[in-house]
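Enquirer: just to be clear, the model below is a prediction. Sequence and coordinates:
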Amino acid sequence: MKKDELMLLHQRRDTRRALADVESDAKIAGYFYQARAIRRIGEAFEKDHQRKTLLVMSMGAGKTRTAIALIDQLMRANWVKRALFLADRVALVNQAVGAFKKHMPQAAPVNLVTDKQTEGRIYVSTYPTMMGLIDDVQNGVRRFGTGHFDLVVIDEAHRSVYRKYRAIFDYFDSLLLGLTATPRDEIDRDTYSLFELERGVPTDSFDLDEAVAGGFLVPPRAAVREMKRSGTGRFGIGN
């Protein structure tokens, strides 16, 4: 870790506010289960002193918006200065950048796939792009040191944490949040191992059955018909 990053880390730890004193923004993610997820993840970081967390949330229930609201809270509480959001496809990167620009424009979101030099507080990237940037050295200095990010968010964690990409999470000395819609009893045990959690026990979860029972999502068959009718290609609250 670079000297300036280490000094910044210590300074931020000394000025952190209690997360209970900084409410998450309900305009970004206001459903009860989103607020609960943010609270439980925050408690894992603050009270349980865990550095790795996993959120299992049904597709369409707003995983990305929940992550954005969490990042916003952590930044306002001075827990996080810079965050990295990783996705496994360019389309998902573009979608996430658009969501960050809508809900957190003040954080100057940067799409590293298309703009590798711009500075901001939130960076969004694919795994291959970030792998290349980790190895990028200019004038003997790495663009991204091990302490550059205070939080790394992994989208689609159930299929993106293996093989060579796992090196990204081992490289950065940061808090870690994984996002996945895959039912917890179908997630490979290595996913839980990465987040140092008991198999089948994520930090928080809100599955499809709960979402349908609560009226937040429609049953899958009806959803498919609605998507075909409307041409939206998606259903529910959205990410």
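Expert: Perfect, thanks for sending it. Residues are numbered from 1 along each chain as shown.

Enquirer: all helices of this protein, in order?
Expert: 3-14, 32-46, 63-76, 90-103, 127-134, 157-160, 166-171, 189-194, 208-213, 220-230 (DSSP state H).

Enquirer: tell me the buried residues in the fifth one?
Expert: Neighbour counts over helix 127-134 (16 or more other Cβ atoms under 10 Å) mark 127, 129-130, 133-134 as buried. To be clear about C-beta, it is placed using only N, CA and C from the backbone, and glycine gets the same treatment.

Enquirer: list the residues that contact the most centrally placed residue in the chain.
Expert: Nearest to the mean C-alpha position of the chain, by Cα atoms, centre = their mean, lies residue 153 at 3.0 Å. By Cβ atoms under 8 Å, 6 or more residues apart in numbering, the contact list for residue 153 reads 67, 71, 83-86, 177-179.

Enquirer: so how far is residue 57 from it?
Expert: Per Cβ to Cβ, to the nearest Å, residue 153 is found 13 Å from residue 57.

Enquirer: residues shared between the contacts of those two?
Expert: Contacts common to residue 153 and residue 57, judged by Cβ under 8 Å, 6+ apart, are residue 179.

Enquirer: below-threshold pLDDT in the chain: ranges please.
Expert: Across the chain, residues meeting the criterion (pLDDT under 70) sit at 1-13, 159-163, 183-190, 220-239.

Enquirer: again, 50 this time
Expert: 183-184, 223-224, 227-228, 230-235 (pLDDT under 50).

Enquirer: OK, contacts around the closest residue in space to residue 175 that isn't next to it in sequence?
Expert: Leaving aside its sequence neighbours, residue 175 sits nearest to residue 151 (Cβ to Cβ, 6 or more residues apart in numbering; 4.6 Å). Contact analysis of residue 151 by Cβ under 8 Å, 6+ apart lists 71, 74, 79-80, 83-84, 174-177.

Enquirer: now the two most distant members of those.
Expert: 79 and 84 (14.7 Å; Cβ to Cβ).

Enquirer: check contacts around the residue lying closest to residue 36 once chain neighbours are set aside.
Expert: Of all residues beyond its chain neighbours, the one nearest residue 36 is residue 204 (6.5 Å), with distances taken as Cβ to Cβ, 6+ apart. Going by Cβ under 8 Å, 6+ apart, residue 204 touches 36-37, 40-41, 55-57.

Enquirer: gap between residue 204 and residue 214?
Expert: 15 Å.

Enquirer: picking up where we left off before, save the buried residues of helix 127-134 as CSV, and put in distance to residue 45 too.
Expert: What follows is the buried residues of helix 127-134, written out as CSV (distance: Cβ to Cβ, whole Å):
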residue, distance to residue 45
127, 24
129, 27
130, 22
133, 26
134, 24
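
Enquirer: now, which of these sits nearest residue 20?
Expert: residue 130 (32.6 Å).

Enquirer: list the contacts of that closest one.
Expert: By Cβ under 8 Å, 6+ apart, the contact list for residue 130 reads 84, 86, 112, 168.

Enquirer: the first one contacts residue 121, correct?
Expert: No - using Cβ atoms under 8 Å, residue 84 makes no contact with residue 121, being 10.5 Å away.

Enquirer: more neighbours: those two, which one.
Expert: residue 84 (22 against 18; other Cβ atoms under 10 Å).

Enquirer: ok, the more buried one - contacts?
Expert: Contacts of residue 84 by Cβ under 8 Å, 6+ apart are 122-125, 130, 149, 151-153, 172, 174.

Enquirer: what's across from it in the sheet?
Expert: Bridge pairing for residue 84 (DSSP bridges) gives the partners residue 123, residue 152.

Enquirer: could you measure from it over to residue 199?
Expert: 26 Å.

Enquirer: do the same with residue 30
Expert: Distance, residue 30 to residue 199, by Cβ to Cβ: 31 Å.
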